[in-house]
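**Q** What follows is a predicted protein model with its sequence.
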Amino acid sequence: MARTVRKVVFPVAGLGTRVLPATKAMPKEMLPVVDRPLIQHAVDEAREAGITTFIFVVAPRRTIILDHFSVAPVLERVLKARRQAEELRVVRETTLPKSRIRRAVQSKPLGLGHAVWCARNHVGNDPFAVILVDDLIQSTPGCLSGMMEAYREVGGNLIAVEDVPRALVSRYGVLDVESEKGRLAKARGIVEKPKPEEAPSTLTVVGRYILQPQIFKHLARGQRGAGGEIQLTDGIAATLGEVPLHGYRFAGRRFDCGNKIGLIAANVAYGLARDDLREGLRAAIGALE
Ligand code: UTP
């Protein structure tokens, strides 16, 4: 039986060049969608899926992401004194107990595979989840909860996937599919950013993974792949002989918040999904047209 997944890795050390200058001094994972930063959407999704240990792979000297999840005594005192009970509740909700948080530093942004490798000492010999925070997935229950259920059935490495038009596959990791059953696609291979005419399918990787620790010995080699970066996909491909790989077609809508249009669209979609904001937002958008 597959071992329960209790740890998640958030690689949050990228440069976020597609949304500059917003990310000049601030990691892109702190960009808000409605009233919470992307990283909080991701932590909430992980909590709902039963994760208890949260591993953040951060760039050197960047503390703001961890600050967001620590207790804010001064702010809490002020809110209490002002009897702002609702504000106090939402602030307290963001706090993660210190004992649940781990921090790893990626000294240089050498790629996603390298960022995940930087978390190896905190992951140890356990299976673990990885969430790419800029891939925001709107679904109830959350994408990772659905993956946990599928993982209990198939174990091994499991990656969230979606179909994209063939012309776009060169932006993504792509599965070579052996067979399909329901939401699951058993893969015999995976390639990073193939040319459209060479791609084995149009089923592409989305930023949610459940991985086995065997991947670390492959990532340790530091082999450069597509774009000169150390790719997570290459590490997954290297373990195919010993760890089965499945794609999981998630339910819900994905927003690539690492680019400007995706980020704006996510704000509109999440705003329209909120009972307290829908009407006002519709009116505000209508007034623009
Ligand atoms: P991206 O490729 O989207 O991030 O990586 P990026 O490089 O920051 O963005 P652009 O392309 O310059 O705009 C996906 C996730 O992996 C993290 C990023 O922070 C992001 O959440 N990442 C990427 C790292 O932590 N380290 C890296 O070396 C690369």
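**A** Done, it's in. Residues are numbered from 1 along each chain as shown.
**Q** Mind jotting down where the helices sit in the stretch 51-200 of the chain?
**A** 64-68, 73-81, 85-93, 112-117, 120-123, 143-154 (DSSP state H, counting those that start in this stretch).
**Q** TSV for those helices, including mean pLDDT and distance to Asp256?
**A** All C-beta spots, glycine's among them, are computed from the backbone N, C-alpha and C. Listed next are the helices of the stretch 51-200 of the chain as TSV, based on pLDDT from 0 to 100; distance: least, C-beta to C-beta, whole Å:
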stretch	mean pLDDT	distance to Asp256
helix 64-68	95	20
helix 73-81	97	32
helix 85-93	96	26
helix 112-117	97	14
helix 120-123	98	26
helix 143-154	96	14
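**Q** okay, the ones you listed in TSV with mean neighbour count next?
**A** Formatted as TSV, the helices of the stretch 51-200 of the chain follow (neighbours: other C-beta atoms under 10 Å):
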stretch	mean neighbour count
helix 64-68	17
helix 73-81	12
helix 85-93	12
helix 112-117	26
helix 120-123	18
helix 143-154	19
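**Q** Could you point out which of those sits nearest the ligand?
**A** The minimum distance between the ligand and the helices of the stretch 51-200 of the chain falls on helix 112-117, with 3.6 Å, by C-beta to the nearest ligand atom.
**Q** Would you mind confirming that Val174 makes contact with Ala199?
**A** Yes: contact status for Val174 versus Ala199: in contact at 4.8 Å, counting by C-beta atoms under 8 Å.
**Q** Count the neighbours of the residue in the chain positioned nearest to the ligand for me.
**A** Distances between the chain and the ligand by C-beta to the nearest ligand atom are smallest at Gly14, namely 2.1 Å. For Gly14, the count of nearby residues is 22 (other C-beta atoms under 10 Å).
**Q** is it true that it lies in a strand?
**A** No: the assignment for Gly14, made by DSSP: H, G, I helix; E, B strand; the rest coil, is coil rather than a strand.
**Q** Could you tell me which residues of the chain lie near the ligand?
**A** By C-beta under 6 Å from any ligand atom, the residues of the chain that approach the ligand are 11-18, 57, 106, 109-112, 114-115, 132-134, 258.
**Q** which of those are buried?
**A** 11-14, 16, 18, 57, 106, 109-112, 114-115, 132-134, 258 (16 or more other C-beta atoms under 10 Å).
**Q** which residues does Phe255 contact?
**A** When contacts are counted by C-beta atoms under 8 Å, 6 or more residues apart in numbering, Phe255 touches Val33, Asp135, Leu136, Ile137, Gln138, Gly262, Leu263, Ala265, Ala266, Ala269.
**Q** Which helix or strand lies directly C-terminal to the helix or strand hosting it?
**A** For Phe255, the host element (DSSP states H and E) is strand 253-256. Counting by DSSP H and E, the next helix or strand C-terminal to strand 253-256 is helix 260-272.
**Q** Give the buried residues for that next one.
**A** By 16+ other C-beta under 10 Å, the buried positions in helix 260-272 come out as Gly262, Leu263, Ala265, Ala266, Asn267, Tyr270, Gly271.
**Q** And for stretch 272-289?
**A** Across stretch 272-289, burial judged by 16+ other C-beta under 10 Å covers Leu281.
**Q** Tell me where the protein has strands.
**A** Assigned by DSSP state E, the strands in the chain fall at 7-12, 32-33, 36-37, 53-58, 101-105, 128-131, 135-138, 157-163, 173-181, 184-192, 203-211, 245-249, 253-256.
**Q** possible to save the ones you listed as TSV with mean pLDDT and distance to Ser145?
**A** Converted to TSV, the strands of the chain look like this (pLDDT from 0 to 100; distance: least, C-beta to C-beta, whole Å):
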stretch	mean pLDDT	distance to Ser145
strand 7-12	98	12
strand 32-33	98	19
strand 36-37	98	19
strand 53-58	98	16
strand 101-105	97	21
strand 128-131	98	11
strand 135-138	98	11
strand 157-163	97	12
strand 173-181	94	20
strand 184-192	94	16
strand 203-211	97	11
strand 245-249	97	11
strand 253-256	97	16
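**Q** circling back: give the contact list for the closest residue to the residue of the chain closest to the ligand other than its chain neighbours.
**A** Once flanking residues are discounted, Gly14 sits nearest to Pro109: 5.6 Å by C-beta to C-beta, 6 or more residues apart in numbering. By C-beta under 8 Å, 6+ apart, Pro109 lies in contact with Ala13, Gly14, Leu15, Ala59, Ala115.
**Q** quick one: buried residues of the strand holding Phe255?
**A** Using 16+ other C-beta under 10 Å as the test for burial, strand 253-256 gives Arg254, Phe255, Asp256.
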